[in-house]
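> take this sequence and fold it.
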Amino acid sequence: MCLAVPSRIVEIKDQVATVDVDGVTREASLMLLDDVSIGDYVIVHAGFAIERIDEEVAEQTLKDMRDMVRFVTKDGEA
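Just a heads-up that it's a prediction; the model follows:
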């Protein structure tokens, strides 16, 4: 199963972005996308940014995911 977790671009070097989700960073290739910038939100699959998404949608999705984690954990911490 693959979860589409919105990731925020925090750095770009050549065609590789460093993306962040709640303080966890990883690298993602930008070879499949045109016109992305630092601060944009993208969906990453298999190491490639495959889609740029709206900031409001990304932030709401992340909030909803955090809420789901709190709901299914006993003490509210993942």
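> what's stretch 39-50 in contact with?
Residues outside stretch 39-50 that contact it (CB atoms under 8 Å, 6 or more residues apart in numbering) are 2, 4-9, 17, 19, 26-33, 36, 51-55, 57-58. Where you see a C-beta, it was placed from the backbone N, CA and C, and this is true even at glycine.
> ok, the longest strand along the chain: who's next to it in the sheet?
When every strand of the chain is counted residue by residue (DSSP state E), the longest turns out to be strand 6-13. Based on DSSP bridges, the pairing partners of strand 6-13 within the sheet are strand 16-21 (antiparallel), strand 41-45 (antiparallel).
> mind listing what's buried in the last one?
Which is strand 41-45. Residues of strand 41-45 classed as buried by neighbour count (16 or more other CB atoms under 10 Å): 41-44.
> okay if I get these as JSON lines plus distance to K63 and pLDDT?
Listed next are these as JSON lines, based on distance: CB to CB, whole Å; pLDDT from 0 to 100:
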{"residue": "Y41", "distance to K63": "13", "pLDDT": "98"}
{"residue": "V42", "distance to K63": "18", "pLDDT": "97"}
{"residue": "I43", "distance to K63": "16", "pLDDT": "95"}
{"residue": "V44", "distance to K63": "19", "pLDDT": "92"}
